[in-house]
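Predicted coordinates and the sequence they were generated for:
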Amino acid sequence: MVSPPARLAAAAANVVGKVFHGGVADLRPMPRVLIDQGPNRSLYRMTHAAGEASGPPVLLVPPLAAPALCFDLRRGCSLAEHLVDAGRRVYLVDYGMVAFSDRRLGIEHWIDEVLPRAIRRVSEDAGGQGVHLVSWSLGGIFSMLVDADQPDLPIESITAIGSPVDFTAIPIVAPFRPLVDLTGGHLLTPVYRAFGGAPSYLVTRVFRATGISKEITKPLAILKNLDDRDYLAQIEAVDHFMDNMYAYPGRTFGQLYHRLFRTNDLAEGAVDLGGRKISLSGVKAPMLVVAGETDTIAPRASVERVVPLLDKAASVTFRTAPGGHLGVLTGRRARGTTWRYLDEFLDGQHS
């Protein structure tokens with residue numbers, strides 16, 4: 001048990017760090033080198049201090065709107081750092097900023113161009129090995145659609161963390177469904193068309209609103225944990241993440257709104273993209289599916305719905321872990337849960 005004087009000293013040191021040194025979180029990104037680039041695609045290889053890594057490559061796949069730093073939140077609580085320290089060969093695809101000129105880009109752009117090119121380049125860089133996709137949120141949905149639609153891609157396995165499939169199982173959107181139905185599904189159509197998508201500031205506000213209770217109690221929580229440097233660092237890192245949200249391209253947002261939210265296509269196992277139907281039963285790679293126990297954006301029921309739909313996958317492992325939508329991926333408790341599940345899953349593919 002830490003003595004009161006020790007806690008007071010720790011609190012004082014943390015206050016000095018926050019006031020005079022810009023914070024206590026180490027937000028330095030993991031060292032990386034750019035190996036490929038194209039429209040909405042910057043592909044990085046994480047570098048190892050001890051030299052070149054070996055073994056099968058792991059490609060980190062972020063969702064749209066959220067910055068790729070979701071996988072590299074802060075030193076000490078970075079999934080990328082964890083994987084690199086474990087000696088794995090780690091890659092990251094970053095979509096970059098979304099501009100108004102990108103408003104005509106649809107889901108097809110990411111599953112036909114961005115991710116397939118990144119996967120092939122990673123495999124090539126790793127000597128032709130199969131690629132393990134580790135994805136979060138919408139990145140998991142994109143990863144599954146890519147595998148289902150392009151079976152020739154060198155995909156070795158897919159990990160989908162916090163990836164919602166059944167949108168009727170998301171309580172925070174339930175109040176809007178009657179209004180959406182009343183307007184024939186056109187409630188948001190004029191808005192996203194006018195803005196060319198969902199603006200980054202709106203994405204940030206919606207993301208914060210899902211954790212409104214924590215936002216309200218955050219000042220009190222900071223005071224209560226003023227002596228806990230790791231706790232304070234995590235809050236700083238999450239705030240930094242929130243301040244760097246991106247926009248959704250207009251057409252992509254429209255597809256997500258109409259095909260996933262309004263008609264809930266994926267919950268039935270397939271999505272129709274302009275007459276092109278992609279079924280989740282086409283996924284053949286081994287799957288690890290992880291749901292956050294307190295995730296309001298992708299609650300367990302919404303995530304777990306995908307398990308019976310992956311009936312042709314080589315294997316499907318479903319796990320739950322503490323945390324909300326971001327926390328299940330890179331919260332402080334994810335280090336002993338989600339990351340451990342991922343390590344066991346990746347190791348099991350080559351045992």
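Structure's in. What do you need?

pretty sure V98 is touching A247, no?
Yes. V98 lies in contact with A247 (C-beta atoms under 8 Å); the separation is 4.5 Å. Placement of C-beta: from N, CA and C, glycine included.

Mind listing the residues bridging to the spatially most central residue of the chain?
Nearest to the geometric centre of the chain sits W136, at 2.7 Å (C-alpha atoms, centre = their mean). Going by DSSP bridges, W136 is paired in beta bridges with I161.

can I assume it is in contact with G327?
No. Checked against C-beta under 8 Å, the pair W136 and G327 is beyond contact range at 11.4 Å.

re the thing from before, got a pLDDT number for the residue nearest to the centre of the chain?
On the pLDDT scale, W136 is placed at 96.

got it, and T189?
50.

Equivalent analysis for the one 5 residues further on, please.
According to the predicted model, the pLDDT of A194 comes to 44.

And the strands in this structure, which stretches?
32-38, 41-46, 57-61, 89-94, 131-136, 155-161, 197-198, 248-249, 270-273, 276-279, 287-292, 316-321 (DSSP state E).

per-stretch mean pLDDT over these, give me the minimum one.
Mean pLDDT across those is lowest at strand 197-198; the value there is a mean of 48.

Specify the beta-bridge partners of D36.
In this structure, D36 bridges to L43 when assessed by DSSP bridges.

ok, it - contacts?
42-43, 117-118, 121 (C-beta atoms under 8 Å, 6 or more residues apart in numbering).

Could you pull up the contacting residues of S279?
148, 269-270.

scratch that, R117 is what I was asking about
36, 38, 41.

pLDDT wise, what is it at?
98.

A148 versus that one, what's the distance?
18 Å (C-beta to C-beta, to the nearest Å).

if we can go back for a sec, please identify, among the contacts of D36, the one with the most neighbours.
The most neighbours of any of these, using other C-beta atoms under 10 Å, belong to A118, which has 26 neighbours.

Look at the residue nearest to that one when sequence neighbours are not counted and say how many residues are nearby.
Excluding the flanking residues, the one nearest A118 by C-beta to C-beta, 6 or more residues apart in numbering is V93, at 4.4 Å. The number of residues packed near V93 is 25, by other C-beta under 10 Å.

that older thread, of the contacts of S279, which is the most crowded?
Counting by other C-beta under 10 Å, top hit in the contacts of S279: A148 with 22 neighbours.

roughly how far apart are the nearest residue to that one once chain neighbours are set aside and V289?
Nearest residue to A148, sequence neighbours excluded (C-beta to C-beta, 6+ apart): G282, at 3.2 Å. Per C-beta to C-beta, G282 is found 16 Å from V289.

who has more neighbours, those two?
A direct count of neighbours by other C-beta under 10 Å for G282 and V289 places V289 higher, at 26 against 18.

isn't the more buried one right up against T317?
Yes. In this structure, V289 is within contact of T317 by C-beta under 8 Å, at 7.0 Å.

shaky segments in the chain?
Scanning the chain for pLDDT under 70 picks out the ranges 1-22, 51, 99-100, 171-227, 250, 351.

Okay, helices next: where are they in it?
4-20, 79-85, 107-108, 115-125, 138-149, 177-182, 189-195, 200-209, 212-224, 229-242, 250-255, 300-304, 327-330, 338-348 (DSSP state H).

For the fifth one, which outside residues touch it?
It stands for helix 138-149. Contact with helix 138-149 is made by 61-65, 107, 110-111, 115-116, 119, 133, 135, 153, 155, 158-165, 256, 260, 266, 271, 278-285, 287, 289, 306, 310, as judged by C-beta under 8 Å, 6+ apart.

Just the buried subset of the residues you listed, please.
By neighbour count, with 16 or more other C-beta atoms under 10 Å, those hold 61-65, 107, 110-111, 115-116, 119, 133, 135, 153, 155, 158-165, 256, 260, 266, 271, 278-280, 282-283, 285, 287, 289, 306, 310 as buried.

Run a quick neighbour tally on D311.
By other C-beta under 10 Å, the residues close to D311 number 11.

Which residue is the nearest non-sequential neighbour of it?
S281 (5.5 Å).

Surely that neighbour touches L310?
Yes. Under the criterion of C-beta under 8 Å, S281 makes contact with L310 at 7.5 Å.

The nearest residue to D343 once chain neighbours are set aside and L59, how far apart?
For D343, ignoring the flanking residues on the chain, the nearest one in space by C-beta to C-beta, 6+ apart is A86 at 6.8 Å. A86 sits at a distance of 15 Å from L59 (criterion: C-beta to C-beta).

the more surrounded of the two?
Using other C-beta under 10 Å, the more surrounded residue of A86 and L59 is L59, with 25 against 16.

ok, that one touching V93?
Yes. Shown here, L59 and V93 form a contact pair, counting by C-beta under 8 Å, at 6.5 Å.

what number of residues lie near the closest residue to A291 other than its chain neighbours?
Leaving aside its chain neighbours, A291 sits nearest to V303 (3.8 Å; criterion: C-beta to C-beta, 6+ apart). By other C-beta under 10 Å, 26 other residues sit near V303.

Can you name the residues that contact V303?
Applying C-beta under 8 Å, 6+ apart to V303 gives the contacts 160, 162-165, 289-291, 295.
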